[in-house]
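Enquirer: build me a model:
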Amino acid sequence: MHGERWPAHGREDSRLTMANRRHDTAVLMLAHDRQGVGVGCEVVLFLHNEARVSLPDLVTDVMRRKLLRRAQRQKTQLSLKDLEEIERRAGSAYRELKEAHHFEYVIPNHDGEDSDNWEAFYHPLGDARRALLAVVAFLRGEGPKGVEKWEKDLLP
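Expert: Here you go, the predicted model:
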């Protein structure tokens, strides 16, 4: 796995910056560029086992809404090409989550790009802060807190 990179949210030209290697360990930050789906292992297990929802449909819908909200903040009118790109990226989110088992650390982050927890205050708050501190701890060679290890069969 050393030296490999993984596509970020269906964009072949973008790579997960958090997939940098240190001591042959890979880190996957699910909310890459602060816009990901942001589900953790506990949420996946609840949704699949207790709520009995279709995880691929739910992840696609969550990602679609986040991408639409982000695009609408950047542009006042979205073109058909914009909407097609959003749909393509949303449709790839579940497949990309299924790759999380390849990584030693999974950092769930529920604060997406549109969350005030990243920039509205002097310091990041909430999940934004927790995810940032986990990455910092990893880069310092410390044991990051709040990380998960996803098993291959976690996502059906």
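
Enquirer: from now on I want contacts and neighbour counts done on CA atoms only, so please keep to that.
Expert: Fine.

Enquirer: and Leu97, how close does it get to Leu55?
Expert: 11 Å (CA to CA, to the nearest Å).

Enquirer: averaged pLDDT, the lengthiest helix in the chain. What do you get?
Expert: Of all the elements of type helix in the chain, the one with the most residues (DSSP state H) is helix 55-74. In this model, helix 55-74 has a mean pLDDT of 89.

Enquirer: ok now it, how far from the chain's centre?
Expert: Helix 55-74 sits 12 Å away from the centroid of its parent chain (CA atoms, centre = their mean, to the nearest Å).

Enquirer: which stretches of this protein aren't confidently modelled?
Expert: Residues of the chain meeting the criterion pLDDT under 70: 1-39.

Enquirer: quick one: the strands in it, in order.
Expert: Under the criterion DSSP state E, the chain contains strands at 7-8, 11-15, 27-29, 105-107.

Enquirer: against which helices or strands is the last one packed?
Expert: Meaning strand 105-107. Other elements packing on strand 105-107 under the criterion 3 or more CA pairs under 8 Å, 6 or more residues apart in numbering; DSSP states H and E are strand 27-29.

Enquirer: for stretch 141-152, buried residues please.
Expert: Across stretch 141-152, burial judged by 16 or more other CA atoms under 10 Å covers Pro144, Val147, Glu148, Trp150.
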